[in-house]
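Undergrad: quick one, structure for this:
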Amino acid sequence: MPTDKEILEYHNKPRPGKIEVVPTKPCMSQGDLCLAYTPGVGLPCVKIQKNPDLSYDYTDKANLVGVITNGTAVLGLGNIGALAGKPVMEGKAVLFKRFADLDVFDIEIKTEDPDEFIQTVRLLEPTFGGINLEDIKAPDCFYIEDTLRREMNIPVFHDDQHGTAIISGAALINACRLTGREPEDLQVVVNGAGAAAIATARMYVSLGVKKENIIFVDSRGVIYQGRKQGMNPYKEEFAAATDKRTLADAAQGADVLLGLSVEGAFTTDLLRLLNKNPIIFALANPEPEIGYYEAKAVRPDAIIATGRSDYPNQVNNVLGFPYIFRGALDVRASAINEEMKLAAIHALAKLPREDVPDSVIRAYGGTALTFGPDYIIPKPLDSRVLLKITPAVARAAVETGVARTEISDPGAYIQALEARLGPEREIMRKIITRAQQNPKRIVLPEGDHPVILRAAHHAASEGIARPILLGSHEEIKDLARQLHVPLDGIEIIDPAQSPLFDQYTGKLHMMRARKGWGPAETRHQLKNRFVFGAMMVHEGMVDGQVHGISRSYPDAIRPVLQVISRRPGVSKVSGVYLMVFRDRILMFADATVNINPSSEDLAEIALLTAEMARFFDINPRIAMLSFSNFGDTRHPDAQRVEKAVEIAMKRDPSLTIDGEMQADTALVSEILNQHYPFNRLGAPANVLIFPELASGNIAYKLMQRLGGAKAVGPLLMGISRPFNVVQRDTDMENVVNVMAITVAQAQEFERKQQKKPSVFGHADPA
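TA: Okay, the predicted model is just below:
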């Protein structure tokens, strides 16, 4: 846990607070000012006056949420007032932006009068696409939300109520699945009767729990029919027909114990009263009603969730509100209704049953996450939540008639959501969509490697590829059982047992006989699964190959080159990385293969990288890098790069290429165009060709580790068939990305073989 000093410094430095307003349009010149303000701003104002819906097109309304409180029930702190609640509202703004790319104005209203609060919020409707109410005491929160939902034509959502209801609802579905229960059979005890508890009970009823099977307990005991003290209309809704009067009475034989109360409310003796395999949600914040390990010690058969991040199964509202608002605002919904909440619940419940990306596993300490008692809801940092919940919410809004617009192309919408996660996700979504149009057979020689097995499952289940794993059937099946990875859609071939082995031995011997391979050596080499897989590609049994996770790059690429020839006219195979930064995508070549390329080699690398750029729908602007700028240092190494530019331009006069130049010259427009106005690029380069392997390899690793770049690849260039060799110990997501690229390359190779026009309008990039 951070110290008090660390907490206060975080909120104070380098500037007070956690949010700022950042313009999305340039405002650097007089022309910009005329567009941003007067006189240009008048035109959209007139358009909106005539058609208010155009406010979603010409302003930030479609992406702007109001986070509004009066500070009467701040999490863990109580009624501390509107101003003291502002740090929490700023924190909420950060979460909206971080997880769903939604903008937020936080508004703190200094009143405890519900009607004053309602009137203030109601008058703000023109500003926002949606309203997130926060930290308002019960029962005022019910009255406020109900009134605003009736009187406003934008979504109003009190997250303290519905967030917990939605996340714990998804957890309940999966807990029932694991314990073999049905919701209608559950006996539920709810300890606490505030906003979150009431809303959660209502949601459980929507999921199938019988209302008569729910018993509420507050500080005065069981809420029963006829009780007079401490009652309000919202508690009356769940007053039970029962003679039970204490929490212990209610817990006897109960299946579910839900806590939305205070620290220490549950004892070990209380837990012993529950039914076998109980479901215990101790959700008090900041400390649960009972600690996870304390509860497990007395009830090892229980499925336990809390609100804490250091325990399994964290019920965290951040799994709900950013994505629900994202989906609602994307279809310009007038409300967030029950169907939209249920859509979020069911989408959220499905995710833990799927394989978990390595990025999520790394973020949570590297421990494997598989569906089970300690993993029934996704982790808050799982980016898949945006791609699953948001479309489900948007679809439900359209189906229930509260949307002003529709999602006309679901695939394009997913791609747009991917783009909100960063450029890498956007460009890879395009490639994955290509691959899914015609998935190809991709052989994975390291079939008994956990990352490769998981990547194969993901690629098969998403329709990206038809994977073939090489290795022992029993070893791969045993590994799949350990990892809880289904093998549906995945073929396994054991080279040692395959009839193809003898067939390939003869053919490989003919290929390598004049390179020193006798029959015995050929059989020995073919036992290398990389070589066997390459022969499968060579013989047309599969469409491409991906490997390398368990070997050094030289050891992984050598077997491929022993079997698969270079493309006609290509002298050397080379490699390229897609380096994805927050605001741009660059291609780095060659950072993997050629140690000290000649001028001719560099020219060829540039031409091949230009092809690869077009394959990714990138219009290449190529900078040939050096320590010199356009001849200012007459050194043989700089002249080697200068000559490479001449050779490349002679081979392809249409190429946008220049150099030699330094890296900052290539990437900074002011340097490039002010100091060297004669340059041929005109704009910063997006393809960087390094003068030798050392500089390329160092640069990509520095950018990956220190520059925040995501490296996709490396991708082989100049080889005659679709092959790619990943870096040793890469993660599952990169393997899937490289598989998708290999499938897309195989599709292009097939088009070329059939002599059909390329959809990319250029040569085969494989």
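
Undergrad: quick one: pLDDT of Val593?
TA: In the predicted model, Val593 carries a pLDDT score of 86.

Undergrad: what's the local residue count around it?
TA: Counted with other CB atoms under 10 Å, the neighbours of Val593 add up to 24. Where you see a C-beta, it was placed from the backbone N, CA and C, and this is true even at glycine.

Undergrad: how would you label it: helix, strand or coil?
TA: coil (DSSP: H, G, I helix; E, B strand; the rest coil).

Undergrad: now do the same contact list for it.
TA: 557, 572-575, 693 (CB atoms under 8 Å, 6 or more residues apart in numbering).

Undergrad: out of those, which is most surrounded?
TA: Neighbour max across those (other CB under 10 Å) = Ser574, 30 neighbours.

Undergrad: contacting residues around that one?
TA: Going by CB under 8 Å, 6+ apart, the list of residues near Ser574 reads 589-590, 592-594, 601, 604-605, 608-609, 716-718.

Undergrad: which ones among those map onto strands?
TA: 589, 716-717 (DSSP state E).

Undergrad: lowest pLDDT pick from those?
TA: Among those, Leu716 has the weakest pLDDT, 88.

Undergrad: tell me the bridge partners for that one.
TA: Per DSSP bridges, the residues bridged to Leu716 are Gly575.

Undergrad: that one reaches Val573, doesn't it?
TA: Yes - taking CB atoms under 8 Å as the definition, Leu716 is a contact partner of Val573 at 6.0 Å.

Undergrad: and the contacts of Ser574, which is closest to Ala344?
TA: Leu716 (42.2 Å; CB to CB).

Undergrad: give me the neighbour count for the closest one.
TA: Applying other CB under 10 Å, I find that Leu716 has 27 neighbouring residues.

Undergrad: rewinding a little: between the ones in strands among the contacts of Ser574, which is closest to Val205?
TA: Closest to Val205, out of all of the ones in strands among the contacts of Ser574 and judged by CB to CB, is Leu716, at 57.2 Å.

Undergrad: any buried residues in the host helix or strand of Tyr577, and which?
TA: Following DSSP states H and E, one finds Tyr577 within strand 574-580. For strand 574-580, the neighbour count (16 or more other CB atoms under 10 Å) marks 574-580 as buried.

Undergrad: nearest to Pro380 among these?
TA: Among the buried residues of strand 574-580, and counting by CB to CB, the member closest to Pro380 is Val580, at 23.1 Å.

Undergrad: who's in contact with Glu406?
TA: 331, 398.

Undergrad: next one: it relative to Arg395, how far apart?
TA: Separation of Glu406 from Arg395 (CB to CB, to the nearest Å) stands at 9 Å.

Undergrad: how far out from the middle of the chain is the strand holding Tyr577?
TA: Offset of strand 574-580 from its chain centre (CA atoms, centre = their mean, to the nearest Å): 21 Å.

Undergrad: rewinding a little: can you redo the contacts of Ser574 as a markdown table with distance to Leu178?
TA: Below are the contacts of Ser574 laid out as a markdown table (distance: CB to CB, whole Å):
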| residue | distance to Leu178 |
| --- | --- |
| Ala589 | 49 |
| Asp590 | 50 |
| Thr592 | 45 |
| Val593 | 49 |
| Asn594 | 53 |
| Asp601 | 58 |
| Glu604 | 57 |
| Ile605 | 54 |
| Leu608 | 52 |
| Thr609 | 50 |
| Leu716 | 44 |
| Met717 | 48 |
| Gly718 | 51 |
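
Undergrad: Ala302: which of these is nearest?
TA: Nearest member of these to Ala302, counting by CB to CB, is Thr592, at 50.6 Å.

Undergrad: outline the domain layout of the protein.
TA: According to automatic domain parsing, the chain comprises the domains 4-154, 181-315, 319-419, 422-565+719-766, 574-716.

Undergrad: out of those, which comes closest to Ala175?
TA: domain 181-315 (4.5 Å).

Undergrad: tell me the spacing between the residue nearest to Phe142 when sequence neighbours are not counted and Met587.
TA: Closest residue in space to Phe142, ignoring its immediate chain neighbours: Tyr234 at 5.7 Å, by CB to CB, 6 or more residues apart in numbering. Note on Tyr234: its distance to Met587, by CB to CB, is 59 Å.

Undergrad: more neighbours: which of the two?
TA: Met587 (24 against 19).

Undergrad: what does the residue lying closest to the more buried one once chain neighbours are set aside show for phi and psi?
TA: Among residues not flanking Met587 along the chain, Val687 sits closest, at 4.6 Å (CB to CB, 6+ apart). When read as degrees, to the nearest 10, the backbone of Val687 gives phi -130, psi 120.

Undergrad: cool, Ile304 as well?
TA: According to degrees, to the nearest 10, Ile304 has phi -120, psi 130.
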